[in-house]
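> predicted model, plus sequence, below.
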Amino acid sequence: MTPEKLKLASHVVAINWNRIEDEKDVEVWNRLVNNFWLPEKVPLSNDIQSWATLTPDEQLLTMRVFTGLTLLDTLQGTVGAVSLIPDAITPHEEAVYTNIAFMESVHAKSYSSIFSTLCSTKEIDEAFRWSVENPNLQKKAQIIESYYYGDDPLKRKIASTLLESFLFYSGFYLPMYWSSRAKLTNTADLIRLIIRDEAVHGYYIGYKYQKGLEGLSEERKAELKDYTFELMYELYENEVQYTHDLYDSVGLAEDVKKFLHYNANKALMNLGYEAMFPSAVTDVNPAILSALSPNADENHDFFSGSGSSYVIGKAVNTEDDDWDF
Amino acid sequence: MSAVAATPAVDRETGRHTSSSLIYFSSISENTHRFVEKLATDAARLPVYTRDETLLALEPFVLVLPTYGGDSGHGAVPKQVIKFLNVPSNRELIRGVIGAGNTNFGETYCLAGDIISVKCQVPHLYRFELMGTSEDVDRVHEGLEEFWTRLSQKQAQQ
């Protein structure tokens, strides 16, 4: 699929960071810059012994999962985030997309760091060959790519948000699973940095999508909403197949699917829509959730507890500085 | 004619007064705002921009807020909320906090709620992600009702 001609921002003016039209641009730029990291900072070699405790099937699965993630990050870095630049509303939004594009390339490279630390060249080449030959992996990349080359800026943002906030998670599940079993914990630390970045990307692109909806006719809004859910279903069906391809060999497919549902809901929320999957199918394995975030467990729900131990608020001497964490 | 009419306006001080039992901050991304809307209860929104006058609470309230920042929790509590809680009378009336966030932020998930819970010694009642699911809305709706009932019963006993 080749675009007929190169599409770039039609008119460029010198960017003035002292005159801001949308404060979200500055907020997200600062957050992305503060989150900046490189794979070389993570001591991946500490996982070599742990890697050796995995069975050959488990090793193969892990490598395939990571080549799948590499493909998505490559797509988002070289086409996805860049394709959003010509449609940006503010010059600062363009700058944020260049940051997103670069970080996606860092993510893609970081999987190669994991591979070179843990695997042989022959194994690496075979895993990359698998990523080219797996039809469901190729299909998901093609679906998204077709919208990036399409001519509807808002649909591009929908596709991009679903990639950032939904399509990665069949892959992200596995390092969280290993981490919950105290395996490949340094690799999991690296993946958590990627997960954090993707959350900001999905949030921001979804926000810009919602800004783009402002002022449109109700018909057009309804069309885009229908389109979002149709695309989600199409990607979801393919994602289920892909999940079975990968995880049937280790019996984890059903557990992964709950994680998919949970993240599909969050992707829709990033676009401003209500969650689609009911709570009965989003009950993610608590071990996976706590590998993702140690604060996410049910014990933190005061309403579910006896609730008898609340404390009445007391005035504390508090100044601006105290709050400046 | 009536005594009430002769009473001077309450809103003498600078800032806006609110009697809402639910006060929240939401940035222009509107996630927290959407959650509060779904609760379908009387609620007051803190100003979006720090430069604007903050609210002054008149009645006990629960605060709903998202977490900002990512790395190591720096800047987790939005500045607008800091400005609001720097008013001593607002801190005296806070009774609980509800945090919004995203588990993708790992250890800093809903960190702003934790910080305020410790600072103001009130319970962190609930955590939800982004704009919350319908289940979150139901639980918070019921949970808050029970919470206020228990609080008033406890006060009546004292």
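Ah, there it is. Numbering: from 1, shown residues only, chains lettered A, B, ... in the order given.

> wait, residue A:80 touches residue A:147, no?
No - the pair residue A:80 / residue A:147 is not scored as a contact, 9.4 Å apart, by CB atoms under 8 Å. All C-beta spots, glycine's among them, are computed from the backbone N, C-alpha and C.

> these two: who's more crowded?
Higher neighbour count among residue A:80 and residue A:147: residue A:80, with 27 against 21, using other CB atoms under 10 Å in any protein chain shown.

> and for residue A:80 and residue A:147, which residues touch both?
By CB atoms under 8 Å, 6 or more residues apart in numbering or on different chains, residue A:80 and residue A:147 have these common neighbours: residue A:159.

> so where's the stretch 1-150 of chain A uncertain?
A:1-6 (pLDDT under 70).

> flag every residue of it that's near chain B.
Within the stretch 1-150 of chain A, the positions near chain B by CB under 8 Å from any CB of the partner chain are A:22-24, A:27, A:31, A:34-35.

> now, of those residues, which are buried?
For the residues of the stretch 1-150 of chain A next to chain B, a neighbour count by 16 or more other CB atoms under 10 Å in any protein chain shown gives the buried set as A:22, A:24, A:27, A:31, A:35.

> secondary structure element for the fourth one?
What it means is residue A:31. If you go by DSSP states H and E, residue A:31 is part of helix A:23-34.

> and that helix, what does it pack onto?
helix A:91-118, helix A:185-213 (3 or more CB pairs under 8 Å, 6 or more residues apart in numbering or on different chains; DSSP states H and E).

> which residues does it contact?
Under CB under 8 Å, 6+ apart, the answer for helix A:23-34 is A:17, A:20, A:90, A:92-93, A:95-96, A:99-100, A:103, A:197, A:200, A:203-204, A:207, B:27-29, B:49, B:68-71, B:74.

> now do the contacts for residue 67.
Just going to use chain A. A:111, A:127-128, A:130-131.

> wrong chain, I was asking about chain B
B:76-77, B:99-101, B:105, B:108-113.

> could you pick out which of the residues you listed are located in strands?
Counting by DSSP state E, the part of these found in strands is B:99-101.

> buried only: go through those residues for me.
B:99-101.

> which helix is the longest one in chain B?
Counting by DSSP state H, the longest helix found in chain B is helix B:134-157.

> what separates that one from the chain centre, distance-wise?
Averaging C-alpha positions (CA atoms, centre = their mean, to the nearest Å) puts helix B:134-157 15 Å from its chain's average.

> near chain A, anything from that helix?
Yes - judged by CB under 8 Å from any CB, helix B:134-157 comes into contact with chain A at B:134-135, B:139-140, B:142-143, B:146-147, B:150-151.

> who's in contact with stretch B:18-33?
Contacts of stretch B:18-33 (CB under 8 Å, 6+ apart): A:22-24, A:27, A:203, A:207, A:210, A:269, A:272, B:36, B:39, B:41-46, B:48, B:55-66, B:78, B:80-81, B:84, B:100, B:130-131, B:144, B:148.

> how about low-confidence regions in chain B?
In chain B, residues with pLDDT under 70: B:1-15, B:69-73.

> nearest residue to the middle of it?
residue B:63 (1.5 Å; CA atoms, centre = their mean).

> about what we covered before: so which of the helices and strands packed on helix A:23-34 is the most packed in?
helix A:185-213 (a mean of 23; mean count of other CB atoms under 10 Å in any protein chain shown).

> what is the subsequent helix or strand relative to that one?
helix A:218-247.

> same for the next helix or strand after that next one, what does it pack against?
The helix or strand immediately downstream of helix A:218-247 is helix A:253-270, counting by DSSP H and E. Counting contacts by 3+ CB pairs under 8 Å, 6+ apart, helix A:253-270 packs against helix A:153-162, helix A:169-180, helix A:185-213, helix A:218-247.

> and the contacts of stretch A:240-260?
Contacts of stretch A:240-260 (CB under 8 Å, 6+ apart): A:57-58, A:61, A:64-65, A:68, A:134, A:136-137, A:140, A:166, A:169-170, A:173, A:177, A:236, A:239, A:281-285, A:288.

> all helices of chain B, in order?
So, for chain B - with DSSP H - the helices run B:3-6, B:31-39, B:79-85, B:88-93, B:111-120, B:134-157.

> helices or strands up against the fourth one?
It stands for helix B:88-93. Against helix B:88-93 (3+ CB pairs under 8 Å, 6+ apart) you get strand B:55-57.

> so is the strand it packs on next to chain A?
No - residues of strand B:55-57 contacting chain A under CB under 8 Å from any CB: none, with a closest distance of 10.9 Å.

> mind listing the strands that strand pairs with, and their directions?
strand B:16-18 (parallel) (DSSP bridges).

> buried residues in the strand it pairs with?
residue B:18.

> inside helices: which ones of the contacts of stretch A:240-260?
Short answer: these in helices (DSSP H) are A:57-58, A:61, A:64-65, A:68, A:136-137, A:140, A:169-170, A:173, A:177, A:236, A:239, A:288.

> of the residues you listed, buried ones?
A:58, A:61, A:64-65, A:68, A:136-137, A:140, A:169-170, A:173, A:177, A:236, A:239, A:288.

> which two from the residues you listed end up farthest apart in space?
A:58 and A:236 (26.0 Å; CB to CB).

> for the helices of chain B, which one sits closest to residue B:16?
helix B:79-85 (11.2 Å).

> picking that back up, by neighbour count, which of the contacts of residue A:67 wins?
residue A:111 leads the contacts of residue A:67 on contacts (other CB under 10 Å) with 27 neighbours.

> give the contact list for that one.
A:66-67, A:69-70, A:73.

> next one: residue A:128
residue A:67.

> what would the ones in strands among the contacts of residue B:67 look like in TSV with distance to residue A:7?
Output for those, formatted as TSV (distance: CB to CB, whole Å):
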residue	distance to residue A:7
B:99	41
B:100	37
B:101	36
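
> which residue packs closest to the closest residue to chain B within the stretch 201-325 of chain A, ignoring adjacent ones?
Residue of the stretch 201-325 of chain A nearest chain B, by CB to the nearest CB: residue A:303 (3.1 Å). Nearest non-adjacent residue to residue A:303, counting by CB to CB, 6 or more residues apart in numbering or on different chains: residue B:143, 3.1 Å away.

> what is the neighbour count of that neighbour?
If we define neighbours as other CB under 10 Å, then residue B:143 has 20 of them.

> so how far is chain B from the closest residue to residue A:224 other than its chain neighbours?
Closest residue to residue A:224 apart from its sequence neighbours, by CB to CB, 6+ apart: residue A:154 at 5.8 Å. As for residue A:154, its distance to chain B is 17 Å (criterion: CB to the nearest CB, to the nearest Å).
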